[in-house]
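Asker: just coords:
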């Protein structure tokens, strides 16, 4: 593992995404199907936010919320942490640690090209032993 290597070498390319108008149930089923915990949220084809399985679970667990009709937009975090594919791995890790981000969305302009999550960072740590 080279801490100064670009994040593109460690990201998951072409991550699954979800539309902001999709339901919480849809997003949860998608996460289960693909065994993932973070979904970049799109609106009009552009990055609009990020939603985690924890976000969805918290909103879905509220008594007044129907996950079959409540949208992802209501559960997402609007400020997704984004980086370019050239950003050094160490810089991404430092930001994720400092701000407690669960993921970094890798973008090229307005196009999502990858995602790097806390799971990916733990995998790197285990592989370094």
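Answerer: The structure has been received and is ready for your questions. Everything quoted here is computed from the prediction, not taken from an experiment. Numbering: from 1, shown residues only.
Asker: residue nearest the centroid of this structure?
Answerer: Centroid check for the chain by C-alpha atoms, centre = their mean gives residue 38 as the closest residue, at 3.8 Å.
Asker: which phi and psi does it have?
Answerer: phi -140, psi 140 (degrees, to the nearest 10).
Asker: can you pull the contacts of the closest residue to it other than its chain neighbours?
Answerer: Leaving aside its sequence neighbours, residue 38 sits nearest to residue 103 (C-beta to C-beta, 6 or more residues apart in numbering; 4.4 Å). No exception for glycine: its C-beta is placed from N, CA and C like everyone else's. Contacts of residue 103 were listed using C-beta atoms under 8 Å, 6 or more residues apart in numbering, and they are 38, 50, 52, 80-81, 96, 115-118.
Asker: Ok, residue 81 next?
Answerer: Residues in contact with residue 81 (C-beta under 8 Å, 6+ apart) are 50, 95-96, 99, 101, 103-105.
Asker: Let's see which of those end up in strands.
Answerer: Of the positions in those, 50, 103-105 sit in strands, assigned by DSSP state E.
Asker: what about the closest residue to residue 106 other than its chain neighbours, neighbour count?
Answerer: Distances taken as C-beta to C-beta, 6+ apart put residue 114 closest to residue 106, at 3.7 Å, once the chain neighbours are dropped. Counted with other C-beta atoms under 10 Å, the neighbours of residue 114 add up to 21.
Asker: Perfect, I'm done here.
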